[in-house]
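**Student:** Test case, fold it:
(one chain, ligands or ions: 1)
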Amino acid sequence: MDLDAIRQLDAEDPLAEKRNEFFLPKEKIYLDGNSLGPLTLVAKRRAIEVVDKQWGNDLIASWNLHNWIDLPTNVGEKIATLIGAASGQTICCDSVSINLFKLLTCALAINNERQSILSTRDNFPTDLYIAEGVQRLLGDGRCHLELVERHELATRLEDKPAVLLLTQTDFRSGELFDIEELTSLAHANGTLVIWDLSHSAGVLPLELDKWQVDFAVGCTYKFLNGGPGAPAFLYAAQKHQDKCEQPITGWMGHKAPFNFESKYSASDGMTKFLAGTPPILSMSMLNAALASFENIDMQQLRTKSMQLTDLFLTLLKETGSSQQLQLCSPSSAELRGSQLAFSHAKGFGICQALAAKQVIADFRSPDLLRFGFSPLHLRYEDIWHCTQAIKEVLEEGMYLLPAFNKRLRVT
Ligand SMILES: Cc1ncc(COP(=O)(O)O)c(C=O)c1O
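**Tutor:** I've put the predicted structure just below:
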């Protein structure tokens, strides 16, 4: 496919204008929005306003004046519209890790006749580490983590675990789980589900209420473009909320934090999932960034995302690079999220050499080169430039240079 034909795809792209809402360094092609979404112009302006005017000038009055106190709820409600959740079930707070701790303990307490958490061996490490921590805290008799291969899930659900803990989009390969199907299978076995939507929110159409999901969590600094370390979200279906007694009983989750009572009394509704003071600067930027999703049809976003990944694979083949890079993602776009992963013994060096050519991807140990496709800001033309850069890096062998093979702390 030639560059003119690809430019025509951009000319016809109904989402093309969205790119103008982002601050994107001119020389860079950014294929890492699945790790850290880029800065939106509105978030940049909001950061300055919150620092200068709200914090700087209005100081502590801002908690009421600028409604800082309700940010976790208000931001949660915005995210709710992107995950198919009716009002009153989503809140923005803490990290995915901390929210998983809250939800795992709640779900084990609700399903208290049972002991095990079922998950996959390839789940994102923090999900497994937190489950391990819950097991250590509660003791093996009250909580036991069972790790299986993806294809074993259906059979292992027949053992009737208390909780099924899964990540919809595999962080390595991008392979998708069918949330609706697995949730229904879990429920048929009396098992509660917790879905990690970190690589899904903001890029896949989600229908948590319709699919009768019990609980979910997700990152906001990836496809939601909330900024580095932006707080996560937590979803709890209405029907479970009264039964949830989350264990991090901080004052922000209290019914009346400013009564300063000595005894904890959990708030009603979603604010019971709060623990401490919200990170206002970070949450304000996320709040602003979410504006780029207003009036977006998630199905349209998904269609572009699938076209971008398919185009990438087509061009990789045409430029002859596909023989050297082994595709580890499903070859059908329907079965993968908005990312592609390839294995190569020198994947790290290739990633660094690409960065030297201003193409930003990332590397996941031991040998995965990973590209993320954020349909809000990527052009089809970017995919062409990226695959040209890959061809050059592979042909020139520059990825073998020692300078490109010095491991950094964050890959
Ligand atoms: C699937 C998944 N879950 C969780 C996290 C991280 O969660 P936390 O917000 O605790 O850093 C990541 C980070 O990349 C992730 O990919």
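
**Student:** Give the helix, strand or coil label for Ala201.
**Tutor:** coil (DSSP: H, G, I helix; E, B strand; the rest coil).

**Student:** Next, the contact list for it, please.
**Tutor:** With contact taken as Cβ atoms under 8 Å, 6 or more residues apart in numbering, Ala201 is in contact with 79, 82-83, 218-220, 222-224, 233. To be clear about C-beta, it is placed using only N, CA and C from the backbone, and glycine gets the same treatment.

**Student:** thought Phe404 was touching Phe363?
**Tutor:** No - look at Phe404 against Phe363 with Cβ atoms under 8 Å: they stay out of range, at 11.0 Å.

**Student:** Quick check: neighbours shared by the two?
**Tutor:** Here Phe404 and Phe363 share the contacting residues Phe348, scored by Cβ under 8 Å, 6+ apart.

**Student:** can you pull out the helices in the protein?
**Tutor:** Using DSSP state H, the helices found in the chain span residues 3-11, 41-49, 62-65, 71-83, 96-110, 125-138, 153-157, 179-188, 238-241, 280-289, 298-318, 347-356, 380-396.

**Student:** Show me what the first one is in contact with.
**Tutor:** What it means is helix 3-11. 16, 307, 311, 379-381, 383-384.

**Student:** Over to the second one?
**Tutor:** Among residues not part of helix 41-49, those counted as contacts by Cβ under 8 Å, 6+ apart are 21-23, 225, 227, 281, 284-289, 291-292.

**Student:** Spell out for me the ChimeraX command that would select the buried members of those.
**Tutor:** Filtering the contacts of helix 41-49 down to the buried ones (16 or more other Cβ atoms under 10 Å) takes a single ChimeraX command:
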select :21,22,225,227,281,284,285,286,287,288,289,292
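
**Student:** near the ligand, from the contacts of helix 41-49?
**Tutor:** The subset of the contacts of helix 41-49 within reach of the ligand, by Cβ under 6 Å from any ligand atom, is empty.

**Student:** Output the contacts of helix 41-49 as CSV; include the columns distance to Leu400 and pLDDT.
**Tutor:** Below are the contacts of helix 41-49 laid out as CSV (distance: Cβ to Cβ, whole Å; pLDDT from 0 to 100):
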residue, distance to Leu400, pLDDT
Glu21, 39, 98
Phe22, 34, 98
Phe23, 34, 97
Asn225, 35, 98
Gly227, 35, 98
Leu281, 43, 98
Ser284, 45, 98
Met285, 40, 98
Leu286, 40, 98
Asn287, 45, 98
Ala288, 43, 98
Ala289, 39, 98
Ala291, 44, 97
Ser292, 40, 96
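
**Student:** Tell me the one of the contacts of helix 41-49 nearest Pro38?
**Tutor:** Of all the contacts of helix 41-49, Pro38 sits closest to Phe22, with 5.2 Å by Cβ to Cβ.

**Student:** Pretty sure that closest one sits against Leu376.
**Tutor:** Yes - using Cβ under 8 Å, Phe22 is in contact with Leu376, at 7.4 Å.

**Student:** quick one: common contacting residues for the two?
**Tutor:** Common neighbours of Phe22 and Leu376 (Cβ under 8 Å, 6+ apart) are 225, 292.

**Student:** Closest residue of the stretch 151-300 of the chain to the ligand?
**Tutor:** Nearest to the ligand in the stretch 151-300 of the chain, going by Cβ to the nearest ligand atom, is Ser198, at a distance of 3.6 Å.

**Student:** count of neighbours near the closest residue to that residue other than its chain neighbours?
**Tutor:** Spatial nearest neighbour of Ser198, chain neighbours left out: Cys219 (4.0 Å); criterion: Cβ to Cβ, 6 or more residues apart in numbering. Using other Cβ atoms under 10 Å, Cys219 has 26 neighbouring residues.

**Student:** show me the residues around the residue nearest to Ala266 when sequence neighbours are not counted that make contact.
**Tutor:** Leaving out its chain neighbours, the residue that sits closest to Ala266 by Cβ to Cβ, 6+ apart is Lys272, at 4.4 Å. Neighbouring residues of Lys272 by Cβ under 8 Å, 6+ apart: 241, 244, 246, 253, 266.

**Student:** In strands, which of the residues you listed fall?
**Tutor:** Within these, no residue falls in strands by DSSP state E.
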